[in-house]
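**Q** next one to model:
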Amino acid sequence: MTVLDELAEEARRRVERSRKEVSIEELKRRCSEMPPRGFPFEDALRKDGTSFICEVKKASPSKGVIAENFPYLEIAEDYERAGASCISVLTEPSRFLGDIKYLAEIAEAVGIPVLRKDFVVDEYMVYEARCAGASAVLLICSILDESQLKSLIGLCDSLSLSALVEAHDEDEVRKALRCGARVLGVNNRDLRDFSVDHRNCLRLRPLVPDDVLFVAESGIKSR
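**A** Take a look at the predicted model:
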């Protein structure tokens, strides 16, 4: 198994544990009581000029622990003051040391849209994200089959959540578009071996129609 496969399997086990603590019916009830809204994540990315999705992340499999002291609210507020369009929050606990509570607290503290960055493999995680205040969730093509991806995009639409659909190669870009992605991210990092190729997003950009929001993901460190 690749690291990505392991992360997806861990996410499935995590969902099963979470279901025993809070039922999906309870999450659906909470979502139904939330006020209606549009799609603020997409609105933020459509504004004129360059848009930045800035990430709040304590650790990663490739870098290890990035921030021993992890003042996540301060980091998020600094991003907002610096002009970030949106904030991405890692919620995966085992390899990235994330937590859904980080997302909930950041969404409450900032005035810009927040993305749940995780290895979403089940509708439970989408409802969970909406309840925590997310405006978007990451959906990774390589861990979802076409039926699952289409279903999760549809669920996101019904909850006023944007789906940032992540692809890494031509086949995955086409799959994302077939499934109705309105926001498509090309990852410059290959999650199978964590190698980075900054040109990957440039190679695949011509495959994406102009009416689909395009996001270049990973590996950007400098101006």
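
**Q** CA atoms for contacts and neighbours, from now on please.
**A** Will do.

**Q** which residue is nearest the centroid of this protein?
**A** In the chain, the centroid-proximal residue (C-alpha atoms, centre = their mean) is L138; its distance is 2.7 Å.

**Q** just list whatever residues bridge to that one.
**A** On the basis of DSSP bridges, L138 is bridged to L164.

**Q** wait, it sits on V120?
**A** Yes - between L138 and V120 there is a contact at 7.1 Å, judged by C-alpha atoms under 8 Å.

**Q** what are the boundaries of the strands in this protein?
**A** Using DSSP state E, the strands of the chain run over 53-56, 59-60, 64-65, 86-90, 114-117, 136-140, 162-167, 183-187, 213-217.

**Q** of these, which is nearest Q148?
**A** strand 136-140 (10.0 Å; C-alpha to C-alpha).

**Q** in the closest one, what's buried?
**A** Neighbour-count burial for strand 136-140, with 16 or more other C-alpha atoms under 10 Å as criterion, is recorded at A136, V137, L138, L139, I140.

**Q** nearest residue to the fourth one other than its sequence neighbours?
**A** So the one you mean is L139. V165 (4.8 Å; C-alpha to C-alpha, 6 or more residues apart in numbering).

**Q** the second one too?
**A** In space, V137 comes closest to R116 once its chain neighbours are excluded; the distance is 4.7 Å by C-alpha to C-alpha, 6+ apart.

**Q** give me the pLDDT for the one you found.
**A** R116 carries a pLDDT value of 98.

**Q** pretty sure F194 is touching S62, no?
**A** Yes - look at F194 against S62 with C-alpha under 8 Å: they come within range, at 6.7 Å.

**Q** my read: the residue nearest to L139 touches A176, true?
**A** Yes - shown here, V165 and A176 form a contact pair, counting by C-alpha under 8 Å, at 6.5 Å.

**Q** so for those two, which residues contact both of them?
**A** Common neighbours of V165 and A176 are listed as C141, L184 (criterion: C-alpha atoms under 8 Å, 6 or more residues apart in numbering).

**Q** CA atoms only: put the longest helix belonging to the chain into CSV for me.
**A** If you go by DSSP state H, the chain has its longest helix at helix 3-21. Output in CSV follows, covering the C-alpha atoms of helix 3-21 (Å, rounded to 0.1, in the frame of the first residue of the first chain):
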residue,chain,number,x,y,z
VAL,A,3,1.0,6.2,2.0
LEU,A,4,-2.1,7.6,0.3
ASP,A,5,-3.8,4.2,0.5
GLU,A,6,-2.9,3.9,4.2
LEU,A,7,-4.3,7.4,4.9
ALA,A,8,-7.6,6.6,3.1
GLU,A,9,-7.9,3.3,5.1
GLU,A,10,-7.2,5.2,8.3
ALA,A,11,-9.9,7.7,7.4
ARG,A,12,-12.4,4.9,7.0
ARG,A,13,-11.6,3.5,10.4
ARG,A,14,-11.9,7.0,11.8
VAL,A,15,-15.3,7.4,10.4
GLU,A,16,-16.5,4.2,12.0
ARG,A,17,-15.2,5.4,15.4
SER,A,18,-16.8,8.8,14.9
ARG,A,19,-20.2,7.2,14.0
LYS,A,20,-20.3,5.6,17.5
GLU,A,21,-19.8,8.9,19.2
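
**Q** can you give me the buried ones in stretch 79-93?
**A** Y79, E80, A84, S85, C86, I87, S88, V89, L90, T91, E92, P93.

**Q** I am finished for the moment; much appreciated.
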